[in-house]
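Student: coords please:
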Amino acid sequence: MASTETEPTPGPGTQDAAGPLDKTQDKAPEEPRRSGANDLSGLEAGLDALDAVVVERTTARQVFVKKVLPPILAVALVLVVWQLAVWGHVADQTKLPSPSAVADELKARWEAGDLFDIIWTSVSHGLLGFAAALVIGTPLGLVVARVPFVRAAIGPILSGLQSLPSVAWVPAAVIWLGLNNSTMYAVILLGAVPSIANGLVAGIDQVPPLYLRAGRTIGATGVRGAWYILLPAALPGYVAGLKQGWAFSWRSLMAAELIASSPDLGVGLGRYLENMREASDMAGVFLGILMILVVGIAIDLIVFSPLERWVLRSRGLTARSQ
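Tutor: Numbers count the residues shown, from 1 in each chain. Sure thing, here's the model as predicted:
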């Protein structure tokens with residue numbers, strides 16, 4: 001007799017047990033998705049926190065402590081050591097004047113009314129010569145950096161001119177141009193142009209090739225590519241070259257004023273220093289050295305340091321509060 005097998009019909013309890021199991025299996029993949037979404041949101045929040053720039057307002061006290069007080073303390077320390085050396089008779093008064101003697105010489109120049117004329121004679125020559133060097137050195141640096149033949153031809157010459165002492169050009173410039181302002185400007189150009197050009201070349205060499213390809217893609221080639229792609233990308237090296245170029249031009253000018261003397265040239269800081277040397281006036285010599293130093297520092301603080309900080313901040317390399 002054939003036996004009939006009947007499949008068990010799931011009862012209510014079985015359906016209830018299977019139901020939650022199926023739901024659990026359906027929901028299991030959702031938990032990793034939620035966990036991954038939470039991780040991504042946390043990552044985005046962290047990146048947003050990194051990108052966020054917290055701009056804190058700098059108080060006057062912080063500016064004084066960080067910017068003003070350190071140089072004041074340094075100058076005070078130098079004056080104290082200087083005065084102690086005078087009291088200790090380290091050298092004769094004719095060779096090492098006291099700070100008060102130098103201050104008296106400064107007061108005498110102020111009362112004579114020629115202090116600012118002496119300073120402005122040198123500063124005007126320096127600024128005009130540096131502006132001319134900037135106009136010449138910038139396109140020269142671009143050509144040297146982008147044209148291999150020109151780089152191979154005059155690149156080593158620029159490096160050699162940069163290492164050549166500027167005072168070596170003064171006798172030749174006097175013979176060629178005479179004792180006039182042209183001699184001063186020629187010496188400044190020969191001292192500053194190589195530094196500006198080499199600084200721009202170094203900056204362009206560090207530009208990623210991807211920038212140049214992207215510029216060509218959008219049609220920035222030739223002069224447009226140099227203005228919109230090369231110069232902005234090479235700005236850190238270019239600014240460093242400008243800063244060094246000013247230092248070389250200022251040194252070149254002082255060397256020229258020390259050697260060349262003419263009524264047409266006027267009396268600048270270098271000529272004043274040489275006049276005091278010829279008169280064996282050590283207080284005047286020290287005053288001339290200090291004024292040359294102060295003018296060089298002032299130009300750097302007023303022009304080049306803010307420019308350098310702006311370039312670095314625009315690239316996220318320094319904090320806003322610095």
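Student: mind listing the helices for the stretch 101-250 of the chain?
Tutor: Taking DSSP state H, counting those that start in this stretch to define them, one finds helices in the stretch 101-250 of the chain at 115-146, 148-163, 169-177, 181-205, 209-217, 222-225, 231-233, 235-259.
Student: where does the stretch 151-300 of the chain dip in pLDDT?
Tutor: Low-confidence regions of the stretch 151-300 of the chain, defined by pLDDT under 70, span residues 220, 222.
Student: Glu308 contacts Gln244, doesn't it?
Tutor: No: counting by CB atoms under 8 Å, no contact exists between Glu308 and Gln244, whose distance comes to 11.7 Å. The C-beta positions use only the backbone N, C-alpha and C, and glycine is treated the same way.
Student: Can I get the helix or strand where Met276 lies in PDB? Just the C-alpha atoms.
Tutor: Assigned by DSSP states H and E, Met276 belongs to helix 269-278. Output for helix 269-278, consisting of C-alpha atoms alone and laid out as PDB, is shown next (Å, rounded to 0.1, in the frame of the first residue of the first chain):
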ATOM      1  CA  LEU A 269      75.900 108.000   2.500                       C
ATOM      2  CA  GLY A 270      78.900 106.300   1.000                       C
ATOM      3  CA  ARG A 271      80.600 109.700   0.100                       C
ATOM      4  CA  TYR A 272      79.800 111.000   3.600                       C
ATOM      5  CA  LEU A 273      81.400 107.900   5.100                       C
ATOM      6  CA  GLU A 274      84.600 108.400   3.000                       C
ATOM      7  CA  ASN A 275      84.700 112.200   3.900                       C
ATOM      8  CA  MET A 276      84.600 111.300   7.600                       C
ATOM      9  CA  ARG A 277      87.400 108.700   7.000                       C
ATOM     10  CA  GLU A 278      89.500 111.300   5.300                       C
END
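Student: So for that helix, what gets flagged as buried?
Tutor: Leu269, Gly270, Arg271, Tyr272, Leu273, Glu274, Met276 (16 or more other CB atoms under 10 Å).
Student: Just give me the neighbour total for Pro208.
Tutor: Close neighbours of Pro208, defined as other CB atoms under 10 Å, add up to 9.
Student: Would you mind measuring from it to Glu274?
Tutor: Relative to Glu274, Pro208 is positioned 50 Å away (CB to CB, to the nearest Å).
Student: tell me which strands and helices the helix or strand harbouring Ser305 is in contact with?
Tutor: Assigning secondary structure by DSSP H and E places Ser305 in helix 305-314. Packing partners of helix 305-314 (3 or more CB pairs under 8 Å, 6 or more residues apart in numbering; DSSP states H and E): helix 235-259.
Student: Please point out which parts of the helix it packs on sit buried.
Tutor: Residues of helix 235-259 classed as buried by neighbour count (16+ other CB under 10 Å): 235-259.
Student: and that helix, how far out from the chain's middle?
Tutor: Remark: helix 235-259 is offset 13 Å from the chain centroid, using CA atoms, centre = their mean, to the nearest Å.
Student: now swap in stretch 165-179 and tell me
Tutor: Relative to the centre of its chain, stretch 165-179 is centred 30 Å away, using CA atoms, centre = their mean.
Student: Dump the C-alpha coordinates for that stretch into PDB.
Tutor: Extracted as PDB, the C-alpha positions of stretch 165-179 are listed here (Å, rounded to 0.1, in the frame of the first residue of the first chain):
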ATOM      1  CA  PRO A 165      82.200  92.000  -6.200                       C
ATOM      2  CA  SER A 166      80.400  95.100  -7.400                       C
ATOM      3  CA  VAL A 167      83.300  97.400  -6.500                       C
ATOM      4  CA  ALA A 168      85.200  95.900  -9.400                       C
ATOM      5  CA  TRP A 169      82.900  97.600 -11.800                       C
ATOM      6  CA  VAL A 170      83.500 101.100 -10.400                       C
ATOM      7  CA  PRO A 171      86.800 102.000 -12.100                       C
ATOM      8  CA  ALA A 172      85.600 100.700 -15.500                       C
ATOM      9  CA  ALA A 173      82.300 102.600 -15.100                       C
ATOM     10  CA  VAL A 174      84.100 105.800 -14.300                       C
ATOM     11  CA  ILE A 175      86.300 105.500 -17.300                       C
ATOM     12  CA  TRP A 176      83.400 104.600 -19.600                       C
ATOM     13  CA  LEU A 177      80.800 107.000 -18.400                       C
ATOM     14  CA  GLY A 178      82.600 109.600 -16.300                       C
ATOM     15  CA  LEU A 179      81.800 111.000 -12.900                       C
END
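Student: tell me which residues of that stretch are tucked away?
Tutor: Ser166, Val167, Trp169, Val170, Ala173, Val174.
Student: before we move on, what about stretch 228-237?
Tutor: Ile229, Leu230, Leu231, Ala233, Ala234, Leu235, Pro236, Gly237.
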